[in-house]
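In: I need the structure of the sequence given here:
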Amino acid sequence: MRICERINEEGHNALLAVGALQDRYARALLTDLVGEALGCRIDLREQATAAMQLLELFRFCTRCPGGLSALARKLPMLEPGCPQAASVQRLADEWTAVDSLVGLPEITDSWDFLTGTLGALSMSHEMRTALVRAATDNRVARPPAHAENPWHDFLHMAGQGAPRDGLPPWMLYLDRSTDSMNTTLAGEVLARNRQWALRYGLAGLLDLERAHRFRSPTAPVRPHQEFLAIHITPDPLDSAFYTVSHSFMSLARGPHWEQGDALPQVPKEGLEDAVSGIVRSVESAAGDRPADLWLEFVLPFELLNLPVDWWPRDTTEAIHVPLAVDYPVVIRSLDRLQNSAWHRFWRHRWLQLSLGEPPAQSLYVPAVAGDGGHLRGLEARLGDNQQVVATVLSEPPLPGAGHGRRELEAALRSGLPVVIWHRTDRSTQEFLDAVRALLAEGWQRFPAKVAAYRRQAAIHDGDGREGHHLGRHLTVLWDDPDRKPVVPDGRWP
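Out: Numbers count the residues shown, from 1 in each chain. Below is the predicted model of the structure:
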């Protein structure tokens with residue numbers, strides 16, 4: 001098939017453009033890394049040139065389920081930041097899309113039409129996000145990072161399974177994308193899409209979807225996601241003071257951080273007022289909009305145990321309502337954001353988390369020894385199980401020689417994007433049971449479940465600072481490497 005021939009050619013050219021792969025040892029290492037990701041040993045014929053060896057590897061990956069995606073994930077390990085990784089991932093999506101549409105030549109014969117139509121379609125990131133969510137019934141939260149336009153989204157949708165008795169996500173995405181096309185082009189796409197639905201035996205379902213969509217004078221507006229990162233760091237000249245900065249991201253405007261003003265020389269007792277002022281300022285500036293705002297506190301090691309989720313939303317109000325009542329709140333590690341040597345491990349574990357492995361297999365709970373014996377070899381145990389994406393600390397990571405601090409350092413160095421702990425006590429069986437209950441629906445739902453659990457704590461204990469509900473003491477470090485509010489040298493991006 002000519003599409004597959006083109007993918008082979010473009011993929012081969014992408015690999016040739018990766019400078020590191022001109023070295024035979026780097027090519028051998030890449031082959032081993034891909035094999036490890038796929039759970040198999042790759043034995044390739046030895047070729048005379050780098051170009052032929054890379055062609056051999058790429059062809060192998062096209063024949064192995066998930067092979068091209070594994071190849072794309074491993075490329076940055078040999079050449080960090082190489083743009084070819086995203087190119088190969090897009091080709092992986094296209095290969096999967098073509099494979100899933102085998103037996104439907106009407107669609108693959110229209111490949112050039114779809115490429116030109118969707119590739120040239122002007123659509124904001126917010127609109128693309130809304131389309132992806134609608135097409136997958138919110139199973140996919142946003143377009144993948146490697147997708148640059150609606151054509152790339154469509155290819156990714158073609159690799160998503162259709163729900164039982166439902167329409168394929170690619171068909172829904174294509175149909176709804178016509179809202180952004182001119183009348184003539186939209187009519188052509190709608191006609192072709194219905195013909196394909198008829199071929200699938202899904203014309204009735206597509207007609208019902210269109211009737212429901214066009215019956216409403218306006219389509220429902222889905223909230224877009226926003227992130228407010230609040231960065232607290234010790235003053236370099238006086239450890240009694242802190243600098244408080246913030247950065248804001250609205251996916252309605254694209255996945256980019258917008259830097260706010262820094263507040264220098266803030267004493268520790270003034271941190272809550274500073275954070276309250278930032279939250280008020282951002283909410284006022286952003287104004288009336290359909291958005292879900294997520295708070296992220298970027299903190300150094302010594303501040304990671306601060307109860308930031310229970311700081312007041314507005315210190316000027318007579319009754320202090322905790323931030324946790326209105327916002328999902330997570331913390332992030334400033335030390336990891338600034339240490340690029342840890343980022344490859346972090347990226348690998350985040351990709352593992354995105355695979356949706358059951359938490360029972362991907363959550364590590366250390367068997368604690370009173371003498372700290374469990375700390376010996378902890379990083380080796382974490383490194384030995386690449387499925388692990390999170391851990392529960394045995395105790396809070398307080399400054400000093402406690403187990404919690406050393407467990408947290410090991411988790412961050414090993415790349416775990418999620419770390420959970422009890423802020424004021426050891427992790428009892430009751431606490432572990434609560435964490436597992438919150439994870440019952442998987443990692444992607446975990447932050448929302450934690451936010452709801454904290455609201456239950458506020459209802460149970462009232463607005464006072466003290467309370468016995470476990471939601472009062474549940475701390476979650478949730479670090480997404482795709483959203484780095486601080487670059488390795490400490491600057492805002």
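In: so the closest residue to Q53 other than its chain neighbours is in which element?
Out: Leaving out its chain neighbours, the residue that sits closest to Q53 by Cβ to Cβ, 6 or more residues apart in numbering is Q47, at 4.3 Å. Quick note: C-beta positions are derived from backbone N, CA and C, even for glycine. Q47 belongs to no helix or strand when elements are defined using DSSP states H and E.
In: Y242 too?
Out: Counting by DSSP H and E, the secondary-structure element that holds Y242 is strand 241-250.
In: which residues outside that strand are in contact with it?
Out: Under the contact criterion Cβ atoms under 8 Å, 6 or more residues apart in numbering, strand 241-250 has outside partners 224-235, 255-268, 271, 274-275, 278, 282, 286, 291, 483, 485, 492.
In: give me the next element, helix or strand, following the host helix or strand of A411.
Out: When secondary structure is defined by DSSP H and E, A411 falls within helix 403-413. Stepping forward along the backbone from helix 403-413, the first helix or strand reached (DSSP H and E) is strand 418-422.
In: tell me the mean pLDDT for that following strand?
Out: Along strand 418-422, the predicted confidence averages to a pLDDT of 96.
In: what do you get for stretch 191-209?
Out: Taken as a whole, stretch 191-209 carries a mean pLDDT of 85.
In: swap in stretch 140-155?
Out: Per-residue pLDDT values over stretch 140-155 give a mean of 91.
In: burial measure for the nearest residue to V279 once chain neighbours are set aside, as a count.
Out: For V279, the nearest residue in space outside its immediate sequence neighbours is R313; the separation is 6.3 Å by Cβ to Cβ, 6+ apart. Neighbours of R313 under the rule other Cβ atoms under 10 Å: 19.
In: from R405, how far off is R313?
Out: Here the criterion is Cβ to Cβ, to the nearest Å. By it, R313 lies 30 Å from R405.
In: over to Q352?
Out: With distances taken as Cβ to Cβ, Q352 is found 25 Å from R405.
In: start and end of stretch 319-338, how far apart?
Out: Stretch 319-338 has an end-to-end distance of 37 Å (Cα to Cα, to the nearest Å).
In: show me which positions of that stretch end up buried.
Out: Buried residues in stretch 319-338, counting neighbours by 16 or more other Cβ atoms under 10 Å, are found at 320, 322-338.
In: kindly report the same for stretch 415-430.
Out: When neighbours are counted by 16+ other Cβ under 10 Å, the buried residues of stretch 415-430 are found to be G415, L416, P417, V418, V419, I420, W421, H422, R423, S427.
In: isn't the third one right next to D482, touching?
Out: No: the pair formed by P417 and D482 falls short of the contact definition of Cβ atoms under 8 Å, at 10.4 Å.
In: need the overlap of contacts for the two.
Out: Both P417 and D482 are contacted by W350, under the criterion Cβ under 8 Å, 6+ apart.
In: gap between the closest residue to K268 other than its chain neighbours and L78?
Out: Counting by Cβ to Cβ, 6+ apart, the nearest residue to K268 once its immediate chain neighbours are dropped is Y242, at 6.8 Å. Y242 is 39 Å from L78, where distance means Cβ to Cβ.
In: okay, the two: which has more neighbours?
Out: Neighbour tally, Y242 and L78, criterion other Cβ under 10 Å: the higher count belongs to Y242, 22 against 18.
In: which strand residues bridge that one?
Out: Counting by DSSP bridges, Y242 forms beta bridges with P234, V266.
In: now it: how far from G400?
Out: Counting by Cβ to Cβ, the gap from Y242 to G400 is 20 Å.
In: what's stretch 388-396 in contact with?
Out: If you take Cβ under 8 Å, 6+ apart as the criterion, stretch 388-396 is touched by 305, 349-350, 352-353, 357, 359, 362-366, 368, 374, 382, 402-404, 407-408, 411, 416-427, 431-432, 435, 443, 475.
In: that should have said stretch 296-303, apologies.
Out: By Cβ under 8 Å, 6+ apart, the residues outside stretch 296-303 that reach it are 227-234, 306, 308, 329-335, 337, 397, 399, 405, 408-409, 478, 485-486.
In: same deal with stretch 333-343?
Out: For stretch 333-343, the surrounding residues in contact (Cβ under 8 Å, 6+ apart) are 80, 231, 233, 298-301, 304, 346, 412-413, 415, 477, 479, 481, 484-490.
In: now it: mean pLDDT?
Out: Per-residue pLDDT values across stretch 333-343 average out to 93.
In: contacts only, for the nearest residue to A145 once chain neighbours are set aside.
Out: Taking Cβ to Cβ, 6+ apart as the measure, A145 lies nearest to D482, with 5.4 Å between them; neighbours along the chain are not counted. Listed by Cβ under 8 Å, 6+ apart, the contact set of D482 reads A145, P255, W350.
In: are any of these buried, and which?
Out: The buried subset of the contacts of D482 (16+ other Cβ under 10 Å) comprises P255, W350.
In: counting only helices, which of the contacts of D482 make the cut?
Out: When DSSP state H defines the helices, the subset of the contacts of D482 inside them is W350.
In: next, I331: secondary structure please.
Out: Secondary structure, DSSP: H, G, I helix; E, B strand; the rest coil: I331 is strand.
In: correct me, but it touches P307?
Out: No: in this structure, I331 is not within contact of P307 by Cβ under 8 Å, at 10.5 Å.
In: out of the contacts of strand 241-250, which are buried?
Out: With neighbours counted using 16+ other Cβ under 10 Å, those contain these buried positions: 224-233, 255, 257, 260, 263, 266, 271, 274-275, 278, 282, 291, 483, 485, 492.
In: dump the contacts of D482 to CSV, plus distance to V34.
Out: Formatted as CSV, the entries for these read as follows, by distance: Cβ to Cβ, whole Å:
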residue, distance to V34
A145, 20
P255, 28
W350, 18
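In: closest to A197 among the contacts of D482?
Out: A145 (30.3 Å; Cβ to Cβ).
In: return the distance of that closest one relative to M249.
Out: Using Cβ to Cβ, we find A145 at a distance of 14 Å from M249.
In: find the residues that touch each one of the two.
Out: P255.
In: returning to what we had before: just the pLDDT for the residue nearest to V279.
Out: 91.
In: from memory it sits against I319, does it?
Out: No: if you go by Cβ under 8 Å, R313 and I319 don't touch, sitting 10.3 Å apart.
In: if I look at the residue nearest to V34 when sequence neighbours are not counted, how far off is E407?
Out: Nearest residue to V34 in three dimensions, chain neighbours excluded: A70, at 5.0 Å (Cβ to Cβ, 6+ apart). Distance check for A70 against E407: by Cβ to Cβ, it reads 30 Å.
In: re earlier: quick check, nearest of the contacts of D482 to A37?
Out: If you rank these by distance to A37 using Cβ to Cβ, W350 comes first, at 14.2 Å.
In: part of a helix, is E36?
Out: Yes: with the criterion set as three-state DSSP, the secondary structure at E36 is a helix.
In: can you check the pLDDT for it?
Out: According to the model, E36 scores 91 on pLDDT.
In: and the gap between it and G67?
Out: 13 Å.
In: just the helices from the stretch 51-200 of the chain, written as ranges.
Out: With helices called from DSSP state H, counting those that start in this stretch, the stretch 51-200 of the chain shows them at 67-78, 84-100, 105-108, 111-119, 125-135, 150-158, 169-177, 183-200.
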